[in-house]
Each structure stands twice: as C-alpha cells, then as structure tokens.
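>>> have a look; sequence and predicted model below, questions after that.
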Amino acid sequence: MWLASLTLLTAQSAMDIDASFDAYELRLEARSADQECAVFTAVERDLLNAAIKRSRDDAVLQGASPAQLNQFEIRQSDAFETSCRAAFDLPGVERHRTEVLRLTGFDQARFEGREQGWTAQRGGVSDDYAQWSIVQSLSQGDANFGVFQQGDETGLALSLRTSLRPAYAVAFLRDTSREPYPVDMTAGGLLPPPDNDPVSAWSAPSDRLVRVFATEALSVQRAGELAPAAGAPAVGFQFPDTLVAQLASLAPREGARIDLYDATGVVIDRYWVEIGALDAAMGFMRLPRMAPQSTAATDPTTSN
C-alpha cells in the first residue's frame, strides 16, 4: 500500500532536509492552518510551500506518484479541523515558524540539492562591482549561474571562464503547459542521463521544452567579477528576469540546461542547472534580518 511505503521515508535527502513522512504531514498541517487562519506572513508561506514541494519530490523519488500525493494532500486538507485560536499552537505551525525564525539571524544560507546547490547571500551589496545574491556552481566549478546585484541593479546571469568564443546562450526548461511533471530521462535507471550529467536525469523531451534566449552578453568586467576565480578569460550572458520565476516553479529534482553557441549557431558548450531549492533561496533573501547568530546557515528545513 502506498501510504505504508510513504511512512518509511525516513532517509535524509541530499538536500539535508527532513524527508520523513512525519515532516511532510506537519508541513501539510501548517499549510491547512494557514489557509484557514492566515497564521504565516507571505515569506513564511512561500518557504513552507517550498518545503512541501521538496517533501513531494522525495516521495516521488521513493515511488509515489504525483496523483497519489495529490489525493493524500486533499484528504489531509479535508480532515483538518481546529479553531483559529488553536491553529497558532499546532505542532506543524510552531515547527515551521521556528525553522524560519532561525534563518533570520543569518546573512548567508546554503540550500543543498541532490547534485548541486544554491548559496544565498544577503547584505554587503557594492555600488562598485557585481556580486552574487543567489548562485549555483555548475560542472564542478567551471561556471556560475544565478542572481547578481550591483547597487540597485539585479539580474540573472551565467558567467564562466573559457577559451571558446560563445556568441549567445539559450536556456532550455520543461514546458509545464505541455509536460505537467518532469520525465525520468533514464527510464528508471536503464539509460544514462543526457550528456552523462546526473542533473539532467529529470527533464522533458526536446519537443516539450521552452527556449529562453539570453538578452545580452555581460561586459568583460562584470563577467570577470562573477566568473569562477581563475582560469581562462571570463565571458557571460544575462537572461530575462522572468526566467527566475520560471525555474523556481519547476520540481526540485529536475534540471534545466544552458547551451552556448558560436556565431554560426553551433553548440560549443553546455551546462546543467539543478532546480533544487531555488524557491527557498529566494524566500531566504526576503526574510527580515535580525541580530546575527552566525555568518552562515544550511537549508531552512534542516531541523528535525
């Protein structure tokens, strides 16, 4: 029975979050309380939804289907009964608020994925140079991808060091209107992942991908500020800001790819971005900053 198997989800995921059935249930309890009684702020709600999405992701990887999870969540919501006065003291609500409160004292947080992760950095913005606010290191440090900031300017960019001469870049990600759930491109492990990159194991067939073109090349100076520390000359490309929300809406387990093209339209390099906990990293950046506890923290749902 699926429910019995779901109760066995006690192993910690590679994101180092509590992937147990109990944690999933408590998050659903907190969401029901919030839907009925508005117990959370907007950013607390976003972080809760990010945690629930990762709980669902872990369940799918353990064998549950999205349809089964949808039915389970509906049953949990229908069974929820409590007064709004009592809702604030429910275990799921208290647990989530404690997890979020812990994060408010940190300027930096690491959101681990299954293969790659996101690092979010608050504060310390300079008017003189660009730096990453949210970044993922790609291909074992060959490139950086994420949201940068310089003064009041922000943008989404890829920056790398290469002896090649890419002319433009294109991001490819699942078209959610044509493919509602990510596809296991390895057929349950029978096939190698595309490009032999484990991040590419969950995606969508080529005819069900959305293409997003980079809007401009980064200046040499900005590319150098955002690229890995040393190596070949730095190059980079900036993407539309709307791509951030598109990526964050995807499943944590899936990957999006970025192809680099030369002036003749030939692909000369490729990188895979793991969606992971991008939505949680974005929520972290919006949290109020309190008196610092330390300089860094891990995923906002690490508490057991």
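That came in fine, so what should we check first?

>>> drop to CA atoms for contacts and neighbour counts, all remaining ones
Fine.

>>> how about whichever strand or helix holds residue 36: buried residues?
Using DSSP states H and E, residue 36 sits in helix 21-37. Of all the residues in helix 21-37, those buried under the rule 16 or more other C-alpha atoms under 10 Å are 21-34, 37.

>>> so which of those residues comes closest to residue 190?
Taking C-alpha to C-alpha as the measure, residue 190 lies nearest residue 21 of those, at 28.1 Å.

>>> apart from its chain neighbours, what residue comes closest to the residue most central in space within the chain?
In the chain, the residue lying closest to the centroid (C-alpha atoms, centre = their mean) is residue 278, at 2.2 Å. Distances taken as C-alpha to C-alpha, 6 or more residues apart in numbering put residue 248 closest to residue 278, at 5.6 Å, once the chain neighbours are dropped.

>>> this structure: strands as residue ranges?
108-111, 118-121, 131-138, 143-150, 153-161, 168-174, 183-184, 202-203, 209-213, 216-217, 234-239, 255-261, 267-274, 296-297 (DSSP state E).

>>> quick one: which of those is nearest residue 54?
strand 108-111 (11.7 Å).

>>> output that closest one as CSV - backbone C-alpha positions only.
What follows is strand 108-111, C-alpha atoms only, in CSV (Å, rounded to 0.1, in the frame of the first residue of the first chain):
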residue,chain,number,x,y,z
GLN,A,108,24.3,33.5,4.2
ALA,A,109,22.5,30.2,3.7
ARG,A,110,23.4,27.1,1.7
PHE,A,111,20.5,25.2,0.0
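
>>> what is that strand packed up against?
Packing contacts for strand 108-111, counted by 3 or more C-alpha pairs under 8 Å, 6 or more residues apart in numbering; DSSP states H and E, involve strand 118-121, helix 278-286, strand 296-297.

>>> I'd like the average pLDDT over that strand.
On average, the pLDDT along strand 108-111 is 95.

>>> return the list of strands paired to it, each annotated with direction.
According to DSSP bridges, strand 108-111 forms sheet pairs with strand 118-121 (antiparallel), strand 296-297 (parallel).

>>> so how far is residue 96 from residue 273?
Computed as C-alpha to C-alpha, to the nearest Å, the residue 273 to residue 96 distance reads 28 Å.

>>> same deal with residue 154?
Relative to residue 96, and taking C-alpha to C-alpha, residue 154 is found at 30 Å.

>>> so those two - more neighbours on which side?
Comparing residue 154 with residue 96 by neighbour count (other C-alpha atoms under 10 Å), the higher total belongs to residue 96, at 24 against 15.

>>> still on that earlier bit, select, out of the strands of the chain, the one closest to residue 67.
When the strands of the chain are compared (using C-alpha to C-alpha), the closest one is strand 183-184, at 14.7 Å.

>>> on contacts alone, who are the packing partners of the closest one?
strand 202-203.

>>> elements contacting the strand it packs on?
Against strand 202-203 (3+ C-alpha pairs under 8 Å, 6+ apart) you get strand 183-184, strand 255-261.

>>> model confidence over the longest one, on average?
This points to strand 255-261. The model assigns strand 255-261 a mean pLDDT of 98.

>>> with mean pLDDT and distance to residue 78 added, can I get the helices and strands packed on strand 108-111 in TSV?
Compiled in TSV, the helices and strands packed on strand 108-111 are given as follows (pLDDT from 0 to 100; distance: least, C-alpha to C-alpha, whole Å):
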stretch	mean pLDDT	distance to residue 78
strand 118-121	96	35
helix 278-286	96	27
strand 296-297	59	35
